[in-house]
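1. Provide a 3D model corresponding to the input given below.
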Amino acid sequence: MRAAPYPPDEMPADLRALHDEMAAYVAEHLKGFVSMRTDRALVGPFPPMLRFPAFGRAAWSYTKALIDHSHLPKPAHEVAILATGAVFSSRYELYAHERVAEGAGLSPSKIATIAAGQRPADLTEQEQAAYDVAVALASGRQLPQSTYARAVRLFGEQQTAELIYLVGGYCLVSLLLNAYDISVPGREEGLPEG
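-> Residues are numbered from 1 along each chain as shown. Reported below is the predicted structural model:
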């Protein structure tokens, strides 16, 4: 790990306010996985955002906008995030969003197949569209017109834009997690072994 969790008691006041906002959003919107240590230091993508706030504030604003303006159907939303995490082999992202996806109603077999980098055969049409958009974009390819048109037909132009920005946001999150060598929560974050 290259950006250790940052205990809020060690932060200057302006950074503490950012931490507290992140912690509140995570607690409200992203449930079911470890995102904070007992000393209230956030884990996952948040330590690099907090340790490098000149860039982290903007990354957080983008992430917060994705949360505040989320209108995609939750299963499609989580399929896109899982597919993006799988393209990047981003361990923490997959760990966290496997749990969020289960809460959104995705079956364990769909979640496992997407996390393994494969497209499940039993995805709904909306889930297929989200998967295809995410994999094309996260893989660095231009989005094919037919894939874009299918997404617009299923979600409308506004939600397709949300999907594209969601994939872009989780590409950034995955990149941060990989660059700072952030794994699933455990001893390196000061959490008890379970």
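2. so what's the spatially most central residue of the chain up against?
-> Geometric centre of the chain, nearest residue: Tyr170, 4.9 Å, by C-alpha atoms, centre = their mean. Taking C-beta atoms under 8 Å, 6 or more residues apart in numbering, we find Tyr170 in contact with Ala80, Ile81, Thr84, Gly85, Glu93, Ala138. Where C-beta positions appear, they are placed from N, C-alpha and C, glycine not excepted.
3. quick check: buried residues in stretch 14-28?
-> Leu15, Leu18, His19, Met22, Ala23, Val26 (16 or more other C-beta atoms under 10 Å).
4. tell me which helix or strand the second one sits in.
-> Assigned by DSSP states H and E, Leu18 belongs to helix 13-29.
5. what's the first helix or strand after that helix?
-> Following helix 13-29 in sequence, per DSSP H and E, is helix 46-51.
6. what sits up against that next one?
-> When contacts are defined by C-beta under 8 Å, 6+ apart, helix 46-51 is touched by residues 3-6, 11, 15, 18-19, 22, 26, 35, 41-42, 55-57, 59-60, 176, 179-180, 182.
7. which among those residues count as buried?
-> Buried subset of those (neighbour count, 16+ other C-beta under 10 Å): 3-6, 11, 15, 18-19, 22, 26, 35, 41-42, 56, 59-60, 176, 180, 182.
8. could the buried residues of stretch 14-28 go into CSV alongside pLDDT?
-> Output for the buried residues of stretch 14-28, formatted as CSV (pLDDT from 0 to 100):
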residue, pLDDT
Leu15, 95
Leu18, 96
His19, 97
Met22, 96
Ala23, 95
Val26, 90
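9. and Tyr148, backbone torsions?
-> phi -60, psi -50 (degrees, to the nearest 10).
10. for it, give its distance to Leu154.
-> Noted for Tyr148: a distance of 11 Å to Leu154, by C-beta to C-beta, to the nearest Å.
11. could you do Tyr92 as well?
-> When Tyr92 is compared with Leu154 (using C-beta to C-beta), they lie 30 Å apart.
12. ok, the two, which is more surrounded?
-> Neighbours per residue (other C-beta atoms under 10 Å) separate Tyr92 from Leu154, with Tyr92 holding more: 24 against 19.
13. that one reaches Gly186, doesn't it?
-> No: using C-beta atoms under 8 Å, Tyr92 is not in contact with Gly186; the gap is 10.7 Å.
14. can you name every helix or strand that the helix or strand hosting Thr63 contacts?
-> Using DSSP H and E, Thr63 falls within helix 53-68. With contacts taken as 3 or more C-beta pairs under 8 Å, 6 or more residues apart in numbering; DSSP states H and E, helix 53-68 sits against helix 13-29, helix 46-51, helix 145-179.
15. got the CA coordinates for the second one in CSV?
-> Coordinates of the C-alpha atoms in helix 46-51 are reproduced here as CSV (Å, rounded to 0.1, in the frame of the first residue of the first chain):
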residue,chain,number,x,y,z
PHE,A,46,-10.2,7.5,-0.1
PRO,A,47,-6.6,7.6,1.4
PRO,A,48,-5.0,8.8,-1.9
MET,A,49,-7.8,11.4,-2.3
LEU,A,50,-7.1,12.6,1.3
ARG,A,51,-3.3,12.4,1.1
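16. thanks a lot, see you next time.
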